[in-house]
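Novice: Okay, here's the prediction I keep looking at, along with the sequence it came from:
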Amino acid sequence: SNACIMAVTPALLSALVEDSLAPMDETQAPPAADAARPWPLDGIRVVEFCHMVMGPTCGMILADLGADVIKVEPPGGDTTRKLVHQGAGFFASYNRNKRSIVLDIKSPQGLAAARRLALSADVVIENLRPGALDAAGLGYDDLKAENPGLVYCALKGFLDGPYAHRKALDEVVQMMGGLAYMTGPEGRPLRAGASVIDIMGGMFGVIGIQAALREREHTGVGQEVTAALFETTVHSVAQHMLQYAVTGTPAGPMPDRPRAWAVYDTFATADDERVFVGIVSDTQWKLFCEAFGRADLIADETLATNVLRSQARERIMPMLNELFGAMTKAQLMAECERIGLPFAPIAKPHELLDDPHLVATGQLLDVTLPDGRATRVPGLPLEIGGRRTEIRRDLPRIGLHGREILAEAGFTDTEIAALEASGALRKPDASTS
């Protein structure tokens, strides 16, 4: 359900690789984390035809790492700009640091412009239905004939095989890939509460692209790369597959699983909140007992190890429920933090916009929604050279950068005007988002 094409320019890539292979002066201090220092992918140009989550995630990661990402949108704009309910946040989440151009690739003029952009690229990424771009003359075989160094990444539902013709969504592959079974209780399969497979699939696309670009530095020849939702899901449940291979016992759903640790639960507090607390080692059990004045539990040899405590859960849990239930959420969390026990509030996603850790560290980035309201979006969960993700470009208005993008790609003013006159290129409209 996610369509995308991406491109990366060659010249800077060679320079970047040469720099990365240069011998390191061990007496030289590491570079300072300053705003003026270029990001790792600075100067790399990416062209992205995307909607939904998987493709835009791939482009967003490259953009956050410094690439100049050009988002090519269809007439009317990316459909995710207009989604409602649980899709309302898609566009704002995955399209920062990009430029926007609107091309009608169903028209001969728009398709020809898209082809020129693709042929100028180091990387093309697509995620349309199988065969769609081949029919339009934008398939790998068509493009590599004129650009043998091209790395062509297809983001699909399935890798090549019996399922390759099927349509896939995050929910579809979570169901057939075992993740929904593991997430919900027995008999009630449940998809994960975020588009985790779409996001991971986009990440694997970035990994494959970068590996292929690295190999091209040795061979001079590009290649085709495919990342897929179903195989991404299977990768995520490998631990449960191998649990069966090792033990002979199939893994049961996580809510119903036999617990590896005696205390690994959420507890109700006196102010009608809930807090997760884990006591996952003998040392942590001792810390808990000492902090809460329960020397009797330390002395109880039937609770001396995690295995023994797991066997005694029916005796332990009522005591813990009563003990923790007499405390407020804030009191229980403060005590767990003081003594070093794993703990967590049961947070809702919208509450994270004000999370003190995220706010203090700059992990939430300021962006402007299409209607003009200001908000914040999480950056990449990375720190590179002392720097975190930054906003270099706000969320783009539809087609805002079309003329400058085509000019950079070698289109003349006359050609650009002709595209606008034919309707193949949309002029930016300040009244649209």
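Specialist: Okay, I see it.

Novice: Let me see the ranges of the strands in the stretch 1-150 of the chain.
Specialist: Using DSSP state E, counting those that start in this stretch, the strands of the stretch 1-150 of the chain run over 45-48, 68-73, 98-102, 123-126.

Novice: what's around residue 191, how many residues?
Specialist: 19 (other C-beta atoms under 10 Å). C-beta here means a position set from N, CA and C on the backbone, and glycine is covered the same way.

Novice: Next up, the contacts around it.
Specialist: Residue 191 makes contacts with 170-171, 174-175, 179-180, 183, as judged by C-beta atoms under 8 Å, 6 or more residues apart in numbering.

Novice: If any of those residues are buried, put those into a PyMOL selection.
Specialist: Filtering the contacts of residue 191 down to the buried ones (16 or more other C-beta atoms under 10 Å) takes a single PyMOL command:
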select buried, resi 170+174+175+179+180+183
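
Novice: Put together JSON lines for the contacts of residue 191, with distance to residue 152, pLDDT and secondary structure on each row.
Specialist: Below are the contacts of residue 191 laid out as JSON lines (distance: C-beta to C-beta, whole Å; pLDDT from 0 to 100; DSSP: H, G, I helix; E, B strand; the rest coil):
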{"residue": "170", "distance to residue 152": "24", "pLDDT": "94", "secondary structure": "helix"}
{"residue": "171", "distance to residue 152": "28", "pLDDT": "94", "secondary structure": "helix"}
{"residue": "174", "distance to residue 152": "27", "pLDDT": "97", "secondary structure": "helix"}
{"residue": "175", "distance to residue 152": "30", "pLDDT": "97", "secondary structure": "helix"}
{"residue": "179", "distance to residue 152": "28", "pLDDT": "97", "secondary structure": "helix"}
{"residue": "180", "distance to residue 152": "32", "pLDDT": "97", "secondary structure": "helix"}
{"residue": "183", "distance to residue 152": "34", "pLDDT": "96", "secondary structure": "helix"}
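
Novice: tell me which of the contacts of residue 191 is nearest to residue 113?
Specialist: Closest approach between the contacts of residue 191 and residue 113, by C-beta to C-beta: residue 170, at 31.6 Å.

Novice: Residue 260 sits in which helix or strand?
Specialist: Per DSSP states H and E, residue 260 falls between elements, in no helix or strand.

Novice: For burial, what's the neighbour tally of it?
Specialist: So residue 260, with other C-beta under 10 Å, has 10 neighbours.

Novice: coming back round to it: could I get the contacts of residue 191 in CSV, plus columns for distance to residue 235?
Specialist: Shown next, in CSV, are the contacts of residue 191 (distance: C-beta to C-beta, whole Å):
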residue, distance to residue 235
170, 14
171, 17
174, 13
175, 16
179, 10
180, 15
183, 16
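
Novice: re the thing from before, which stretch among the strands of the stretch 1-150 of the chain comes nearest residue 333?
Specialist: Using C-beta to C-beta, these put strand 98-102 closest to residue 333, at 38.8 Å.

Novice: Quick check: mean pLDDT of that closest one?
Specialist: Looking at strand 98-102 alone, the average pLDDT works out to 95.

Novice: Run me through the strand neighbours of it, direction for each.
Specialist: strand 68-73 (parallel) (DSSP bridges).

Novice: Which residues does the strand it pairs with contact?
Specialist: 5-7, 43-50, 56, 59-60, 62-63, 78, 95, 97-103, 105, 114, 117, 396, 398-399, 401, 405.

Novice: Which ones among the residues you listed lie within helices?
Specialist: Judged by DSSP state H, helices contain the following of the contacts of strand 68-73: 56, 59-60, 62-63, 114, 117, 405.

Novice: Select from those the one having the most neighbours.
Specialist: Most surrounded of those: other C-beta under 10 Å gives residue 56, at 31 neighbours.

Novice: ok, that one touching residue 202?
Specialist: Yes: counting by C-beta atoms under 8 Å, residue 56 touches residue 202, with 7.5 Å between them.

Novice: Find the residue closest to residue 358 in space, skipping its chain neighbours.
Specialist: residue 364 (5.1 Å; C-beta to C-beta, 6 or more residues apart in numbering).

Novice: List the contacts of that neighbour.
Specialist: 353, 358, 376-379.

Novice: Name the residues linked to it by a beta bridge.
Specialist: Taking DSSP bridges, one obtains residue 378 as the residues bridged to residue 364.

Novice: cool, the one 4 residues further on as well?
Specialist: With beta bridges defined as DSSP bridges, residue 368 has these partners: residue 374.

Novice: Show the pLDDT at it.
Specialist: pLDDT, residue 368: 96.

Novice: mind checking how far it is from residue 182?
Specialist: 39 Å (C-beta to C-beta, to the nearest Å).

Novice: how many neighbours does residue 173 have?
Specialist: Residue 173 has 28 nearby residues by other C-beta under 10 Å.

Novice: which strands and helices sit next to the strand or helix carrying it?
Specialist: Using DSSP H and E, residue 173 falls within helix 170-176. Applying 3 or more C-beta pairs under 8 Å, 6 or more residues apart in numbering; DSSP states H and E, we find helix 170-176 packed against helix 179-183, helix 196-219, helix 229-236.

Novice: distance between the second one and the chain's centre?
Specialist: This means helix 196-219. Chain-centre distance of helix 196-219: 13 Å, with C-alpha atoms, centre = their mean, to the nearest Å.

Novice: circling back to that earlier point, between residue 368 and residue 182, tell me which one has more neighbours.
Specialist: A side-by-side neighbour count of residue 368 and residue 182, using other C-beta under 10 Å, places residue 182 first with 21 against 15.

Novice: which ones are touching the more buried one?
Specialist: 237, 240, 251, 253-254.

Novice: Need the pLDDT of it.
Specialist: Looking at residue 182, the pLDDT reads 96.
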